[in-house]
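1. kindly generate the corresponding structure for this input.
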Amino acid sequence: MTLKPLHDRLIVRPAKADEVTKGGIILPDTAKEKPVQGEVLACGPGKFDDAGKLMPMGVKVGDVVLYGKYSGTEITVDGEDVLIMREADVFAVVGK
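-> This next block holds a predicted model:
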């Protein structure tokens with residue numbers, strides 16, 4: 001991937017949506033829930049505060065994060081669907 005996000009933006013690969021329910025029902029594309037979890041592929045350097053000091057990012061490449069259902073902008077890069085979002089749209093980092 002050749003994208004480098006600016007400021008406090010992240011590039012996130014969303015997790016795959018569930019194809020089958022726990023009961024074994026196959027879901028059509030229109031019934032699938034949008035994923036709210038994904039892996040951080042790239043991070044910007046951070047955001048500048050009012051004093052001009054760079055505030056580093058709280059997430060790093062490789063982190064699995066939870067974000068809002070309608071957060072970010074969907075784009076396609078090298079045939080892969082990814083999201084560009086601000087760090088403020090991330091709710092939590094999932095521990096391993």
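2. and the spatially most central residue of the chain, how close does it get to T76?
-> With distances taken as Cα atoms, centre = their mean, V12 lies nearest the centre of the chain, 3.2 Å away. V12 sits 14 Å away from T76, taking Cβ to Cβ, to the nearest Å as the criterion. Every residue, glycine included, has its C-beta placed from N, CA and C.
3. which residues do these two both contact?
-> V82 (Cβ atoms under 8 Å, 6 or more residues apart in numbering).
4. just checking, G58 touches F91?
-> No. Using Cβ atoms under 8 Å as the test, G58 is too far from F91 to be in contact (11.5 Å).
5. strands along the chain, start to end?
-> Along the chain, counting by DSSP state E, strands occupy 9-14, 37-43, 47-48, 54-55, 64-67, 73-77, 80-86, 90-94.
6. just list whatever residues bridge to C43.
-> L10 (DSSP bridges).
7. tell me, how many residues neighbour it?
-> Residues near C43, counting by other Cβ atoms under 10 Å, number 22.
8. so who does it touch?
-> P5, L10, I11, M57, V59, K60, V61 are the contacts of C43 under Cβ under 8 Å, 6+ apart.
9. quick one: which of those residues is nearest P45?
-> M57 (7.5 Å; Cβ to Cβ).
10. can you report how many residues neighbour T73?
-> A count of neighbours around T73, defined by other Cβ under 10 Å, yields 9.
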